[in-house]
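Student: This is a predicted model, with the sequence first.
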Amino acid sequence: MSLSAILTEAYNFFRNHISQLAAITFPLLLIQVMIQLWLGNEMLMQAQAETPEFGGIHAAAMMVLLLLFSILIAAVTVYLEVRSRGHDVSTAMVFKQSIQFVPPLLLAGVFSGLAILTPVMLFAAFGPFGIVGFGISFYLFSRLAYVNFMVIVERLTPLEAIKASFIFTGPITVKTIAILMLYLPLILISGTLSQMAAQVGFPLQLITDTVFAFFGLFINVALFRLYMVNRKIDAPTGDDAATDDDSHTEV
């Protein structure tokens, strides 16, 4: 299936289910963005201080962010999986089914995150060669972009999910990178509007950042669609399995 078809179906799914996606994710995103803004402000203040102090509250905030992100990804992925099978599901049921996947997603996130960040950290010490590290990290990011699907849909352990994602993305690396590149204009636009909103006040900045974070979930939907088209299972896959997807039935 072409990339344009993948994005079109992802857009149709996102549009048709935007209200329930918002009900599931917006509260989590609101809390997550609030902590991020506070933590970012704290880091800026500490960087300007003569004797920076990073206490337990900052570490706790980072842990809460990681937990919230894992819950968010678990909830979104469970919802996408259930809807791709043609079933209706309530918001409460999504969270009930998601809880069991939070611990393995946390571990998978830590392991894959370390793998992705290591090249950037290593090459950063070599000045101009830092861009090489960034390129390697982005490549690894694309190869590990399906870890959460492997954990939730395929029921793999964290290490198995990382290995499976790396193998799975071999034939679709270019398409995956193309989808992930959508983050760039989103980051640029949201960053500019966030700075403008910050001049008005914290509440407006919080709402602006949360809205853009929500629309960023479209990329997760697109990745899931690409994953479902290319996964190999005993049941019908690819274009045959596409008939079971809401992106077809509800367009």
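Tutor: Structure received. Numbers count the residues shown, from 1 in each chain.
Student: which parts of the helix or strand hosting residue 174 are buried?
Tutor: For residue 174, the host element (DSSP states H and E) is helix 173-180. Residues of helix 173-180 classed as buried: 175-180 (neighbour count, 16 or more other Cβ atoms under 10 Å). For glycine as for every other residue, the C-beta is placed from the backbone atoms N, C-alpha and C.
Student: Widest-spaced pair of those residues?
Tutor: Pairwise distances across the buried residues of helix 173-180 peak at 9.8 Å for 175 and 180 (criterion: Cβ to Cβ).
Student: after the helix holding residue 174, next one along is what?
Tutor: Next in sequence after helix 173-180, counting helices and strands by DSSP H and E, comes helix 183-200.
Student: What mean pLDDT does stretch 207-215 get?
Tutor: Across stretch 207-215, pLDDT averages out at 95.
Student: that older thread, export the buried residues of helix 173-180 as CSV, with columns for pLDDT.
Tutor: Shown next, in CSV, are those (pLDDT from 0 to 100):
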residue, pLDDT
175, 96
176, 96
177, 96
178, 96
179, 97
180, 96
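Student: Closest one to residue 67 out of these, please.
Tutor: Proximity of those to residue 67 (Cβ to Cβ) peaks at residue 180, which lies at 23.7 Å.
Student: quick one, what contacts the spatially closest residue to the closest one that is not a sequence neighbour?
Tutor: Leaving out its chain neighbours, the residue that sits closest to residue 180 by Cβ to Cβ, 6 or more residues apart in numbering is residue 142, at 5.7 Å. Residue 142 makes contacts with 169, 173, 176-177, 180, as judged by Cβ atoms under 8 Å, 6 or more residues apart in numbering.
Student: ok, the most centrally placed residue in the chain - contacts?
Tutor: When Cα atoms, centre = their mean is applied to the chain, the residue found nearest the centroid is residue 220 (5.8 Å). Residue 220 is in contact with 73, 76-77, 80, counting by Cβ under 8 Å, 6+ apart.
Student: Identify the farthest-apart pair in these.
Tutor: With distance counted by Cβ to Cβ, no two of the contacts of residue 220 lie farther apart than 73 and 80, which are 10.5 Å apart.
Student: Pop out the phi and psi values for residue 85.
Tutor: Backbone torsions of residue 85, given as degrees, to the nearest 10, read phi -90, psi 0.
Student: Next: residue 103.
Tutor: Residue 103 has phi and psi values of phi -60, psi -50 when expressed as degrees, to the nearest 10.
Student: could the buried residues of helix 173-180 be laid out in JSON lines, adding distance to residue 45?
Tutor: Below are the buried residues of helix 173-180 laid out as JSON lines (distance: Cβ to Cβ, whole Å):
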{"residue": "175", "distance to residue 45": "42"}
{"residue": "176", "distance to residue 45": "38"}
{"residue": "177", "distance to residue 45": "36"}
{"residue": "178", "distance to residue 45": "39"}
{"residue": "179", "distance to residue 45": "36"}
{"residue": "180", "distance to residue 45": "32"}
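Student: Just the closest of the residues you listed to residue 206, please.
Tutor: For those, the nearest to residue 206 is residue 180 (25.8 Å; Cβ to Cβ).
Student: so that closest one touches residue 219, yeah?
Tutor: Yes - counting by Cβ atoms under 8 Å, residue 180 touches residue 219, with 6.9 Å between them.
Student: circling back to that earlier point, using the three-state scheme, assign the residue nearest to the centre of the chain.
Tutor: helix (DSSP: H, G, I helix; E, B strand; the rest coil).
Student: can you pull out the helices in the protein?
Tutor: Listed in chain order, the helices of the chain (DSSP state H) span residues 3-16, 18-48, 56-84, 91-98, 102-123, 130-143, 147-152, 158-168, 173-180, 183-200, 202-215, 217-230, 238-241, 246-249.
Student: Tell me how many other residues surround residue 135.
Tutor: 13 (other Cβ atoms under 10 Å).
Student: got it, and residue 117?
Tutor: By the criterion of other Cβ under 10 Å, residue 117 has 14 neighbours.
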